[in-house]
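Engineer: I'd like to go over a predicted model; first the sequence, then the structure.
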Amino acid sequence: LLDPNTFIYIFSQPIENGKSSKGTYELINQYDGKYTYRVSKCHRDDFEREHSDFNQFFDNHGAMLFVSLLVETAGELLLSLECKYTTIACYNSLDGQTLSGPLPEIQRITEYCREHSIFHRAVETGGIAYHSPLLAPYEKYLIGQLEK
């Protein structure tokens, strides 16, 4: 699909499409005030160094969390904490689920788990809430890439 030197960045403000010594970037989606760019032909660290002035606009809005709870209990927890966009992303075991959603909701769940001595562990995703409704804006783009 994408080579290791191609990745997706999300900004809350548009940046100029173009080429630089550090690669090529192209707007591929605009949805709900977010601008999604495909960055290619460069190393991620080089891009981040070159665009450090844009880091203030980068929206690192998703997160994932493993919780040691039964599926039913995890679902009830999401309801009781009013987590409208967080979902059970992966059923790891009978009593272990991975949750995925917006960072504020995941932080709320993390605090609850800490307060109630529930085993939990953050899943490092680089700010992406995989397997969650937050990825819906990218569905059309990803399907198009798969069809190529």
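Structural biologist: Cool, got the structure.
Engineer: switch to C-alpha atoms for all contacts and neighbour counts from now on
Structural biologist: Fine.
Engineer: Output the longest helix belonging to the chain.
Structural biologist: As assigned by DSSP state H, the longest helix anywhere in the chain is helix 103-115.
Engineer: Can you list the helices and strands that that one packs against?
Structural biologist: Helix 103-115 is packed against strand 62-67, strand 120-123, with contacts defined by 3 or more C-alpha pairs under 8 Å, 6 or more residues apart in numbering; DSSP states H and E.
Engineer: Next one: residue 62 from residue 130, what distance?
Structural biologist: Distance, residue 62 to residue 130, using C-alpha to C-alpha, to the nearest Å: 8 Å.
Engineer: returning to that earlier point: would you point to the one among the helices and strands packed on helix 103-115 that's packed deepest?
Structural biologist: Greatest average neighbour count among the helices and strands packed on helix 103-115 goes to strand 62-67 (a mean of 24), per mean count of other C-alpha atoms under 10 Å.
Engineer: List the pairing partners of that one within its sheet, with orientation.
Structural biologist: Strand 62-67 pairs in its sheet with strand 96-102 (antiparallel), strand 120-123 (antiparallel), by DSSP bridges.
Engineer: Make CSV out of those and add mean pLDDT and distance to residue 70.
Structural biologist: Formatted as CSV, those follow (pLDDT from 0 to 100; distance: least, C-alpha to C-alpha, whole Å):
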stretch, mean pLDDT, distance to residue 70
strand 96-102, 93, 6
strand 120-123, 96, 13
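Engineer: So which of these is nearest residue 85?
Structural biologist: Distance to residue 85, taken as C-alpha to C-alpha, is lowest for strand 96-102 among these, at 5.7 Å.
Engineer: now the closest one and helix 103-115, what's the angle there?
Structural biologist: Orientation of strand 96-102 against helix 103-115 (axes from the mean of the first three to the mean of the last three C-alpha atoms, to 10 degrees) gives an angle of 140 degrees.
Engineer: begin at 18 from here
Structural biologist: Sure, I'll start counting at 18 from here, so that last one is strand 113-119.
Engineer: any idea which element residue 102 lies in?
Structural biologist: Here residue 102, judged by DSSP states H and E, is contained in no helix and no strand.
Engineer: can I assume it is in contact with residue 150?
Structural biologist: Yes: when contacts are counted by C-alpha atoms under 8 Å, residue 102 is listed as touching residue 150 (6.7 Å).
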